[in-house]
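Peer 1: I would like the atomic coordinates for the input below:
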Amino acid sequence: MMITLIILGVLAVFGIGVALWVMGIYNGLVTLRNRFKNAFAQIDVQLKRRYDLIPNLVETAKGYLSHERETLEAVIAARNGAASAGQAAAADPSDSNAIKQLMGAETALTGAMGKFFALSEAYPDLKANQNMMQLTEELTSTENKISFARQAYNDSVMTYNTKREVFPAVLFSGALGFREAQLFEITEERERDAVKVSF
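Peer 2: Have a look, this model is predicted:
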């Protein structure tokens, strides 16, 4: 009887130890997941700022680029697509498909903005417009903030993904619902070049 109680006691202590160990892994993964979600929220703030600046930029340029309506419409369409993809990604930053769609929409927006700025270079009056200069300065500042926020997000995602993939967390992460997070990467070479917004 005494040996049975000792064995049960040892098993209970062992069971409690394993439960605490799994709980520690779970809590660590939750903490890291919340960090990368917070880091994405910082990107989202800057993207929304950019999305708010673009219509003002296009509106300022409309008077000068009236016969370039196709380019202006392409910028607005790309902006709307990126904003929509940004909302989906912000709803669940751990959804890798939403992040991939956002990356694709951002690539399209970068391309449209590149064409817009290349076209606007041909209009000296537009380049000299005070509103246009102020908006491009704000957009440049926002682009820099997006870059820093994206770097912080990717660092957080890397830490989270590493934690969920190393032993012993890899034994539990999938069963506990911790999916792999998607890096916010630049997938096309043309997007690696910064959008030129100087006037």
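Peer 1: need the next SSE after the longest helix along the chain, C-terminal direction.
Peer 2: In the chain, taking DSSP state H as the definition, the longest helix is helix 2-62. On the C-terminal side of helix 2-62, the closest following helix or strand by DSSP states H and E is helix 69-91.
Peer 1: model confidence over that following helix, on average?
Peer 2: Averaged across helix 69-91, pLDDT comes to 92.
Peer 1: next, the angle from it to helix 2-62.
Peer 2: Helix 69-91 and helix 2-62 are oriented at 160 degrees to each other (axes from the mean of the first three to the mean of the last three Cα atoms, to 10 degrees).
Peer 1: which other helices and strands does helix 69-91 contact?
Peer 2: Counting contacts by 3 or more Cβ pairs under 8 Å, 6 or more residues apart in numbering; DSSP states H and E, helix 69-91 packs against helix 2-62, helix 96-120. Every C-beta, even on glycine, is put in place using the N, C-alpha and C of the backbone.
Peer 1: list the helices and strands the last one packs on?
Peer 2: Read it as helix 96-120. Judged by 3+ Cβ pairs under 8 Å, 6+ apart, helix 96-120 is in contact with helix 2-62, helix 69-91, helix 189-192.
Peer 1: just the first one next, same as before
Peer 2: Using 3+ Cβ pairs under 8 Å, 6+ apart, the elements in contact with helix 2-62 are helix 69-91, helix 96-120, helix 130-165.
Peer 1: out of the ones you listed, which one sits most buried?
Peer 2: Sort these by mean neighbour count, taking mean count of other Cβ atoms under 10 Å, and helix 96-120 sits at the top with a mean of 19.
Peer 1: what's the following helix or strand after that one?
Peer 2: The helix or strand immediately downstream of helix 96-120 is helix 124-128, counting by DSSP H and E.
Peer 1: tell me which residues in that next one are buried?
Peer 2: By neighbour count on 16 or more other Cβ atoms under 10 Å, the buried set for helix 124-128 is residue 126.
Peer 1: next one: stretch 176-186
Peer 2: In terms of neighbour count (16+ other Cβ under 10 Å), stretch 176-186 has its buried residues at 178, 181-184.
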